[in-house]
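*Asks:* Just need the structure, nothing else, for what follows:
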Amino acid sequence: MNKIIEFINKNAVVIYWTIAYIAVVWCVLWFMFGFDMFDATYWHKLFRAHLRGFPGFVFMIFLLAAGPLYIATTAIILRTKKSLLN
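*Replies:* Numbers count the residues shown, from 1 in each chain. I've put the predicted structure just below:
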């Protein structure tokens with residue numbers, strides 16, 4: 001139990017960043033596109049959908065960019081041990 005608490009205390013900034021990033025991505029997807037990323041039925045529909053036009057393009061670019069952006073910012077946070085928002 002002490003190892004878990006020590007891990008959480010050591011990586012608190014990354015944990016806070018992850019929670020905030022997931023919340024922001026969920027809000028953008030829900031309010032702009034009506035897509036709930038926590039519901040499997042939406043993902044099932046997405047894999048069979050034909051996304052056309054500018055909204056489909058923006059939606060897919062956002063989904064494709066969210067992962068690498070999270071990985072890059074988390075790496076910076078781990079390297080500097082500081083939040084990006086300071």
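*Asks:* For the helix or strand encompassing residue 45, buried residues please.
*Replies:* Following DSSP states H and E, one finds residue 45 within helix 40-47. Under the neighbour-count criterion of 16 or more other CB atoms under 10 Å, helix 40-47 has residue 42 buried. Placement of C-beta: from N, CA and C, glycine included.
*Asks:* Worst mean pLDDT across the helices and strands of this protein, which element?
*Replies:* helix 2-10 (a mean of 87; mean pLDDT, DSSP states H and E).
*Asks:* Name the next helix or strand downstream of it, please.
*Replies:* Next in sequence after helix 2-10, counting helices and strands by DSSP H and E, comes helix 12-33.
*Asks:* That following helix to helix 40-47, inter-axis angle?
*Replies:* Calculated by axes from the mean of the first three to the mean of the last three CA atoms, to 10 degrees, helix 12-33 forms an angle of 70 degrees with helix 40-47.
*Asks:* any idea of the mean pLDDT in helix 12-33?
*Replies:* Helix 12-33 carries an average pLDDT of 95.
*Asks:* For the longest helix seen in the chain, enumerate the helices and strands it packs against.
*Replies:* Ranked by residue count, the top helix of the chain under DSSP state H comes out as helix 53-80. Helix 53-80 sits against helix 12-33, with contacts defined as 3 or more CB pairs under 8 Å, 6 or more residues apart in numbering; DSSP states H and E.
*Asks:* So which bits of the helix it packs on are buried?
*Replies:* By 16+ other CB under 10 Å, the buried positions in helix 12-33 come out as 13-14, 17, 25, 29.
*Asks:* how far away is the residue nearest in space to the middle of the chain from residue 84?
*Replies:* Closest residue to the average C-alpha location of the chain: residue 22 at 4.1 Å, with CA atoms, centre = their mean. Separation of residue 22 from residue 84 (CB to CB, to the nearest Å) stands at 15 Å.
*Asks:* Sweet, I'm off.
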